[in-house]
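**Q** need coordinates for the below:
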Amino acid sequence: MEKRFGNPIFVFLHFAAQIFPLTLSQSISSGGTLTFQHCFEDQLQFRCKKITELATNSLRINQTQSFTYQLSSSEAELLKASVDKDDYYFLRARLDSDHTDKYMQCFCKANDVSKSGLLIGITINVDAFGRVYAVEVSPLDRNDPKLLLLPEEPSDAPDTLTGLVTVHGSHQGPSPDLEGYKRKLAKEKAEKLAAETGDNRSFLAKYWMYIVPVVLFMLFSGQLGGQPGGAGGGGGAQ
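**A** Prediction:
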């Protein structure tokens, strides 16, 4: 395996997370343990085996932990059978604490897990109060940037499962623009009031720009169109 402690990015993130755990992240409020099992469908029933167990107070929002698990020969056969049948790889999580005891389940294609080299990512979703409400599982690519956080390269040993566990917190949605809405209402009210009040100006005040050109045209037309008068006479016969 290739050691990654020489990577300056990993060194910075590793020691920053140790020194500033509360400023870089937020812990999960639920105390207790979170147990993960992977399950395979075998003759209309599930065969499950625990792959890791985490204390919820050790988890931090937006941080990643890793684990490895060695599949037994029977589990490897069940995974191969699921791949051949195009079945799913199931993950079940049990949250056991003083306040609750609940199960959550998710799945992905077993063929995708096999193609990834048994490298999976597990996402724990928590609400605004830090309470776990859902889990997700998906295969990871060997070039995934998250793997830079591992102290070592993922194991190439046969039937060795490597998992990355990440906690995602909820994000506050955009708040409504109250000031903009108030300005819009005021503008609509002013436009409506202006339409109802109407234009009280006089006829000349409203249409002078049309009247003046017509008057000027008529004046100039009258001056240019007049003909000069003439006098004439004839003499009588003598």
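
**Q** and the longest helix seen in the chain, how far out from the chain middle?
**A** Counting by DSSP state H, the longest helix found in the chain is helix 203-225. Here the centre of helix 203-225 is set off from its chain's centre by 66 Å, with CA atoms, centre = their mean, to the nearest Å.

**Q** now that helix: mean pLDDT?
**A** The predicted model assigns helix 203-225 a mean pLDDT of 79.

**Q** packing partners of it?
**A** In terms of contacts (3 or more CB pairs under 8 Å, 6 or more residues apart in numbering; DSSP states H and E), helix 203-225 is not packed against any helix or strand. C-beta: built from backbone N, CA, C; applies to glycine.

**Q** SS state for residue 52?
**A** strand (DSSP: H, G, I helix; E, B strand; the rest coil).

**Q** and it, what does it touch?
**A** For residue 52, the contact set (CB atoms under 8 Å, 6 or more residues apart in numbering) comprises 35-36, 67, 69, 163, 165.

**Q** do the same with residue 118
**A** Here residue 118 is in contact with 71, 159-162 (CB under 8 Å, 6+ apart).

**Q** switch the cut-off to 6 Å
**A** residue 161 (CB atoms under 6 Å, 6 or more residues apart in numbering).

**Q** separation between it and residue 108?
**A** Per CB to CB, to the nearest Å, residue 118 is found 13 Å from residue 108.

**Q** after the least confident helix or strand in the chain by mean pLDDT, which helix or strand is next?
**A** Ranked by mean pLDDT, DSSP states H and E, the weakest helix or strand in the chain is helix 21-24, scoring a mean of 35. Counting by DSSP states H and E, the next helix or strand C-terminal to helix 21-24 is strand 33-41.

**Q** identify each buried residue in that next one, please.
**A** Within strand 33-41, the residues scored as buried using 16 or more other CB atoms under 10 Å are 34-41.

**Q** point me to the helix or strand that includes residue 105.
**A** Assigned by DSSP H and E, residue 105 falls in strand 101-109.

**Q** helices and strands around that strand, which ones?
**A** strand 88-96, strand 132-139 (3 or more CB pairs under 6 Å, 6 or more residues apart in numbering; DSSP states H and E).

**Q** low-scoring stretches of the chain, by residue?
**A** The chain contains residues with pLDDT under 70 at 1-31, 149, 151, 171-175, 196-200, 223-238.
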